[in-house]
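A.B. asks: Structure here, sequence nowhere to be found:
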């Protein structure tokens, strides 16, 4: 069964579930000061929690294969928000560091269980407008990164640490809504099969390999702007407020870019959209470094719009080419994205330590240009 019609209601519902799910995954950072104080943790112990939570991402291809072979994409999307919320809503109730690590690891597993199959459902519900669907879906996740920390702080202030677990109720409600709203026919569409990670890789390698090259080059810009922008602005202005405002501006225009890029790629082609944003992004970062005043502010906005807007386009590319193993293919894409992003953050930090903060931004922007040769190898537009 091929779904050509864009099913707005279901796409919006999955996007909203993405928002709700990722609100819970954003709890760790704002609640970290309370956790450190309660359990007397060192900074290294606190940092390890984030690593433990992200480790299950390495299982993404296996999870995708399981979803494809068993026809369980719909069920994973339904259950994962509640599973993630259960773990993340209990982190303030953990009585030991070991239990805390177990909770964040379980949350990491459910995060993978959600993010691997959910784009597959969005692709099916988007028909021939997959770029538009992916833009809406990714907007939900990006918006959660803004709302989630504020929601966590407000909830702990209102409920207290001891009753913070009550916030999991919202996720239970969205799981119930997904169960009754996502078509049960999806289970028949996803006929049980005996696919493999190798077959998924063979199916999409002609786009996955160039996309991985694009991800590797883009990841330095992503890491530098997303992780070190506040440090750079605070150092230049001496104002933490300006630093926070710069990051907020970057993220806000990133949401706008995500919302626009996928939809535009449906009309003018995936590769053409990627070419323009990947050309403009490093130019914007370089201009940001070498200018002052309002031009610097404009460049932060342009960098956010372009650097962050590539993901829905690449998701659409993967799903268009993954006819037999869509979840496993998305798992391979997500694993590649996770790996190159993790390495880039570490290497960008090293560059900053050795060459200085300003040179880190310059070098990362120059590396960004290397995405273009990989993009030219994409034979899908």
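C.D. replies: Sure, I can see it. Because the structure is predicted, anything quoted here is derived from the model rather than measured.

A.B. asks: Could you list which residues are in contact with the nearest residue to residue 252 once chain neighbours are set aside?
C.D. replies: In space, and not counting its chain neighbours, residue 252 is closest to residue 304: 7.0 Å by C-beta to C-beta, 6 or more residues apart in numbering. Yep, even glycine has a C-beta here, placed from its N, CA and C like the rest. Each residue near residue 304 by C-beta atoms under 8 Å, 6 or more residues apart in numbering is listed here: 225, 249-254, 257.

A.B. asks: same question, residue 142
C.D. replies: Going by C-beta under 8 Å, 6+ apart, the list of residues near residue 142 reads 251, 254-255, 258, 308.

A.B. asks: got it, and residue 333?
C.D. replies: 204, 208, 211, 314-315, 318.

A.B. asks: Provide a PyMOL selection command restricted to the buried entries of the contacts of residue 304.
C.D. replies: Here is the PyMOL selection string for the buried members of the contacts of residue 304, based on 16 or more other C-beta atoms under 10 Å:
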select buried, resi 225+249+250+251+252+253+254+257
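
A.B. asks: Show the pLDDT at the residue nearest in space to the middle of the chain.
C.D. replies: Residue closest to the mean C-alpha point of the chain, counted by C-alpha atoms, centre = their mean, is residue 141 at 6.7 Å. pLDDT for residue 141: 87.

A.B. asks: Quick one: residues contacting it.
C.D. replies: Shown in contact with residue 141 (C-beta under 8 Å, 6+ apart): 18-19, 22.

A.B. asks: from the contacts of residue 304, which single one is nearest residue 39?
C.D. replies: The shortest approach to residue 39 among the contacts of residue 304 belongs to residue 251, at 30.0 Å (C-beta to C-beta).

A.B. asks: Now do stretch 163-170: everything it contacts.
C.D. replies: 20, 24, 82, 85-86, 89-90, 92-93, 151-152, 155-156, 159.

A.B. asks: Please repeat the previous calculation with a cut-off of 10 Å.
C.D. replies: Under the criterion C-beta atoms under 10 Å, 6 or more residues apart in numbering, residues 20, 23-24, 27, 31, 34, 81-93, 151-152, 154-156, 158-160 lie in contact with stretch 163-170.

A.B. asks: what's the closest non-adjacent residue to residue 30?
C.D. replies: Nearest to residue 30 is residue 149, by C-beta to C-beta, 6+ apart, at 4.0 Å.

A.B. asks: Which residues are in contact with that neighbour?
C.D. replies: Contacts of residue 149 (C-beta under 10 Å, 6+ apart): 23, 26-31.

A.B. asks: Give me the buried entries from the residues you listed.
C.D. replies: Applying 16+ other C-beta under 10 Å to those, the neighbour count classes 23, 26-28, 30-31 as buried.

A.B. asks: Among the residues you listed, which ones are in helices?
C.D. replies: Per DSSP state H, helices hold the following members of the buried ones among the contacts of residue 149: 23, 28, 30-31.

A.B. asks: Nearest to residue 348 among these?
C.D. replies: Distance to residue 348, by C-beta to C-beta, is smallest for residue 28 among those, at 21.6 Å.

A.B. asks: Look up how far residue 125 lies from the closest one.
C.D. replies: Residue 28 sits 31 Å away from residue 125, going by C-beta to C-beta, to the nearest Å.

A.B. asks: For the helix or strand harbouring residue 82, give the mean pLDDT please.
C.D. replies: Assigned by DSSP states H and E, residue 82 belongs to helix 73-88. The pLDDT scores in helix 73-88 average 92.

A.B. asks: So that it lines up with my notes, have the first residue be 21 from now on.
C.D. replies: OK, 21 is where the count begins now, so the last one is helix 93-108.

A.B. asks: Okay, buried residues for the following helix or strand past it please.
C.D. replies: Tracing the chain past helix 93-108, the next element assigned as helix or strand by DSSP H and E is helix 117-135. Across helix 117-135, burial judged by 16+ other C-beta under 10 Å covers 117, 120-121, 123-135.

A.B. asks: per-residue pLDDT, residue 311?
C.D. replies: 91.

A.B. asks: Over to residue 344?
C.D. replies: Predicted confidence (pLDDT) at residue 344: the value is 79.

A.B. asks: That one - how many residues pack around it?
C.D. replies: Taking other C-beta atoms under 10 Å as the criterion, the count of residues near residue 344 is 14.

A.B. asks: just to revisit the earlier point, can I get the contacts of residue 353 in a markdown table with neighbour count and distance to residue 318?
C.D. replies: Converted to a markdown table, the contacts of residue 353 look like this (neighbours: other C-beta atoms under 10 Å; distance: C-beta to C-beta, whole Å):
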| residue | neighbour count | distance to residue 318 |
| --- | --- | --- |
| 224 | 25 | 37 |
| 228 | 22 | 35 |
| 231 | 26 | 29 |
| 334 | 26 | 26 |
| 335 | 27 | 28 |
| 338 | 24 | 32 |
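
A.B. asks: quick one: which of these is nearest residue 201?
C.D. replies: Within the contacts of residue 353, distances to residue 201 taken as C-beta to C-beta reach their minimum at residue 335, with 21.9 Å.
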